[in-house]
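> Give me the fold of what follows.
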Amino acid sequence: MADYQPAMVDEAMRALDASRTEMREVNARWQRIVRSRTFPRGQRRYETVLGPPAAVEPRSVGDVSCAVAWWPPLPLWPGLRFEIVMAPDGSVMQEWLVRDAGAPVPRLESVDDLVPWSCVIGDLDARFGAVAHQDGEAPSRWHVTFSTPDGSSYVAHFVWGLLQTVVAV
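Numbers count the residues shown, from 1 in each chain. From the prediction side, this is the model:
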(Lines give C-alpha, C1' and ligand atoms only; values in the text may rest on other atoms or scores of the structure.)
Protein backbone atom coordinates (compact mmCIF):
# COMPACT_ATOMS: atom_id res chain seq x y z
CA MET A 1 0.00 0.00 0.00
CA ALA A 2 2.97 2.26 0.55
CA ASP A 3 3.51 2.30 -3.23
CA TYR A 4 0.18 4.09 -3.65
CA GLN A 5 -0.39 5.90 -0.35
CA PRO A 6 2.88 6.44 1.56
CA ALA A 7 1.47 9.21 3.78
CA MET A 8 -1.48 7.03 4.80
CA VAL A 9 0.85 4.14 5.58
CA ASP A 10 2.97 6.45 7.75
CA GLU A 11 -0.18 7.56 9.59
CA ALA A 12 -1.22 3.93 10.06
CA MET A 13 2.21 3.07 11.49
CA ARG A 14 1.83 5.90 14.00
CA ALA A 15 -1.68 4.73 14.92
CA LEU A 16 -0.30 1.24 15.53
CA ASP A 17 2.72 2.63 17.38
CA ALA A 18 4.98 0.80 14.93
CA SER A 19 8.27 1.90 13.44
CA ARG A 20 9.34 1.71 9.81
CA THR A 21 11.85 -0.97 10.86
CA GLU A 22 9.06 -3.05 12.39
CA MET A 23 7.00 -2.62 9.23
CA ARG A 24 9.91 -3.82 7.09
CA GLU A 25 10.51 -6.79 9.41
CA VAL A 26 6.85 -7.84 9.25
CA ASN A 27 6.83 -7.51 5.47
CA ALA A 28 10.09 -9.47 5.19
CA ARG A 29 8.63 -12.23 7.39
CA TRP A 30 5.50 -12.38 5.24
CA GLN A 31 7.57 -12.55 2.05
CA ARG A 32 9.59 -15.43 3.52
CA ILE A 33 6.35 -17.21 4.43
CA VAL A 34 4.85 -16.70 0.96
CA ARG A 35 7.98 -17.99 -0.78
CA SER A 36 8.72 -20.87 1.56
CA ARG A 37 8.31 -24.40 0.23
CA THR A 38 7.97 -25.81 3.76
CA PHE A 39 5.58 -23.30 5.36
CA PRO A 40 1.99 -24.57 5.58
CA ARG A 41 -0.31 -23.87 2.65
CA GLY A 42 -3.97 -22.97 2.48
CA GLN A 43 -5.84 -21.85 5.56
CA ARG A 44 -3.06 -23.01 7.93
CA ARG A 45 -0.71 -20.37 6.46
CA TYR A 46 -3.08 -17.57 7.49
CA GLU A 47 -3.83 -19.14 10.88
CA THR A 48 -0.11 -19.08 11.63
CA VAL A 49 -0.04 -15.31 11.08
CA LEU A 50 -3.57 -14.21 12.05
CA GLY A 51 -4.67 -16.90 14.48
CA PRO A 52 -7.78 -19.02 14.01
CA PRO A 53 -10.46 -17.57 11.74
CA ALA A 54 -13.64 -16.14 13.23
CA ALA A 55 -15.63 -18.40 10.90
CA VAL A 56 -15.39 -20.73 7.93
CA GLU A 57 -18.41 -21.31 5.71
CA PRO A 58 -19.21 -22.76 2.29
CA ARG A 59 -19.67 -20.49 -0.73
CA SER A 60 -20.48 -21.39 -4.30
CA VAL A 61 -18.40 -19.78 -7.02
CA GLY A 62 -20.21 -20.77 -10.18
CA ASP A 63 -20.46 -24.56 -10.04
CA VAL A 64 -17.58 -24.92 -7.59
CA SER A 65 -18.18 -25.34 -3.86
CA CYS A 66 -15.53 -23.32 -2.04
CA ALA A 67 -14.84 -22.52 1.58
CA VAL A 68 -14.44 -18.99 2.88
CA ALA A 69 -12.54 -18.22 6.08
CA TRP A 70 -12.42 -14.79 7.64
CA TRP A 71 -10.89 -13.06 10.60
CA PRO A 72 -12.36 -10.34 12.86
CA PRO A 73 -12.28 -6.71 11.69
CA LEU A 74 -8.88 -5.05 11.80
CA PRO A 75 -8.01 -2.04 14.01
CA LEU A 76 -6.93 0.15 11.09
CA TRP A 77 -10.09 -0.49 9.10
CA PRO A 78 -13.11 -0.96 11.35
CA GLY A 79 -15.87 -2.67 9.46
CA LEU A 80 -13.46 -4.61 7.24
CA ARG A 81 -12.28 -8.16 7.73
CA PHE A 82 -9.62 -10.26 6.02
CA GLU A 83 -11.05 -13.14 4.01
CA ILE A 84 -9.65 -16.06 2.04
CA VAL A 85 -11.56 -18.10 -0.53
CA MET A 86 -10.38 -21.69 -0.87
CA ALA A 87 -10.89 -24.16 -3.69
CA PRO A 88 -12.18 -27.66 -2.89
CA ASP A 89 -8.55 -28.88 -2.64
CA GLY A 90 -7.83 -26.26 0.08
CA SER A 91 -5.68 -23.98 -2.08
CA VAL A 92 -6.29 -20.26 -1.64
CA MET A 93 -7.90 -18.67 -4.69
CA GLN A 94 -8.46 -15.17 -3.26
CA GLU A 95 -7.22 -13.20 -0.25
CA TRP A 96 -8.48 -9.71 0.50
CA LEU A 97 -10.23 -7.26 2.77
CA VAL A 98 -14.01 -7.31 2.54
CA ARG A 99 -16.78 -5.38 4.27
CA ASP A 100 -17.88 -7.10 7.47
CA ALA A 101 -21.52 -8.18 7.60
CA GLY A 102 -23.63 -5.35 8.97
CA ALA A 103 -20.85 -2.74 8.70
CA PRO A 104 -21.95 0.54 7.14
CA VAL A 105 -21.22 0.89 3.44
CA PRO A 106 -19.61 4.19 2.43
CA ARG A 107 -21.62 6.69 0.43
CA LEU A 108 -20.48 6.31 -3.16
CA GLU A 109 -22.56 8.87 -5.00
CA SER A 110 -19.83 9.78 -7.49
CA VAL A 111 -16.22 9.10 -8.40
CA ASP A 112 -15.24 11.92 -6.01
CA ASP A 113 -16.39 9.68 -3.13
CA LEU A 114 -13.84 7.01 -4.11
CA VAL A 115 -11.04 8.14 -1.83
CA PRO A 116 -8.13 5.93 -0.76
CA TRP A 117 -8.91 3.31 1.86
CA SER A 118 -12.62 4.21 1.79
CA CYS A 119 -14.02 1.09 0.17
CA VAL A 120 -13.37 -2.47 -0.95
CA ILE A 121 -13.89 -4.19 -4.29
CA GLY A 122 -17.36 -5.41 -3.30
CA ASP A 123 -18.47 -1.83 -2.55
CA LEU A 124 -17.50 -0.77 -6.07
CA ASP A 125 -19.29 -3.79 -7.58
CA ALA A 126 -22.45 -2.93 -5.64
CA ARG A 127 -22.39 0.75 -6.63
CA PHE A 128 -21.32 0.66 -10.28
CA GLY A 129 -22.73 -2.69 -11.41
CA ALA A 130 -21.12 -3.86 -14.64
CA VAL A 131 -17.44 -3.67 -13.79
CA ALA A 132 -14.48 -5.48 -15.33
CA HIS A 133 -11.97 -7.10 -13.00
CA GLN A 134 -8.29 -7.53 -13.87
CA ASP A 135 -5.42 -9.06 -11.98
CA GLY A 136 -2.80 -6.60 -10.84
CA GLU A 137 0.98 -6.68 -11.00
CA ALA A 138 1.20 -8.80 -7.84
CA PRO A 139 -1.11 -11.32 -6.15
CA SER A 140 -2.21 -8.69 -3.62
CA ARG A 141 -3.21 -6.19 -6.34
CA TRP A 142 -6.41 -5.93 -8.30
CA HIS A 143 -7.83 -3.48 -10.82
CA VAL A 144 -11.46 -2.72 -11.57
CA THR A 145 -12.59 -0.85 -14.70
CA PHE A 146 -16.00 0.77 -14.42
CA SER A 147 -18.15 3.43 -16.03
CA THR A 148 -20.25 6.14 -14.43
CA PRO A 149 -23.81 6.96 -15.54
CA ASP A 150 -22.45 9.83 -17.67
CA GLY A 151 -20.34 7.34 -19.67
CA SER A 152 -16.94 8.24 -18.19
CA SER A 153 -14.58 5.27 -17.64
CA TYR A 154 -12.19 4.76 -14.74
CA VAL A 155 -9.81 2.20 -13.34
CA ALA A 156 -9.74 1.68 -9.58
CA HIS A 157 -6.56 0.17 -8.12
CA PHE A 158 -6.79 -2.02 -5.03
CA VAL A 159 -4.21 -3.61 -2.72
CA TRP A 160 -5.48 -6.51 -0.60
CA GLY A 161 -8.97 -5.50 -1.75
CA LEU A 162 -8.72 -1.96 -0.34
CA LEU A 163 -9.07 1.03 -2.69
CA GLN A 164 -5.82 2.91 -3.34
CA THR A 165 -6.41 5.17 -6.39
CA VAL A 166 -8.89 5.86 -9.16
CA VAL A 167 -7.76 7.15 -12.56
CA ALA A 168 -9.74 8.21 -15.63
CA VAL A 169 -9.18 6.17 -18.80
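> who's the spatially closest residue to Leu114 that is not a sequence neighbour bridged to?
Once flanking residues are discounted, Leu114 sits nearest to Val166: 4.7 Å by C-beta to C-beta, 6 or more residues apart in numbering. C-beta here means a position set from N, CA and C on the backbone, and glycine is covered the same way. Beta-bridge partners for Val166, by DSSP bridges, are Ala156.
> residues touching Val166, list them.
Going by C-beta atoms under 8 Å, 6 or more residues apart in numbering, Val166 touches 111, 114, 154-157.
> pLDDT value on it, please?
Looking at Val166, its pLDDT stands at 97.
> What distance do you get for it to Pro78?
22 Å (C-beta to C-beta, to the nearest Å).
> And Ala2, by the same measure?
Relative to Pro78, and taking C-beta to C-beta, Ala2 is found at 21 Å.
> More neighbours: those two, which one.
More crowded of Ala2 and Pro78, by other C-beta atoms under 10 Å: Ala2, with 15 against 10.
> Which element, helix or strand, includes the closest residue to that one other than its chain neighbours?
Take Ala2 and drop its neighbours on the chain: the residue closest to it by C-beta to C-beta, 6+ apart is Val9, 4.3 Å away. Val9 belongs to helix 6-15 when assigned by DSSP states H and E.
> So what are the structural domains in the chain, by residue number?
When the chain is parsed with automatic domain parsing, its domains come out as 1-39, 40-103, 111-168.
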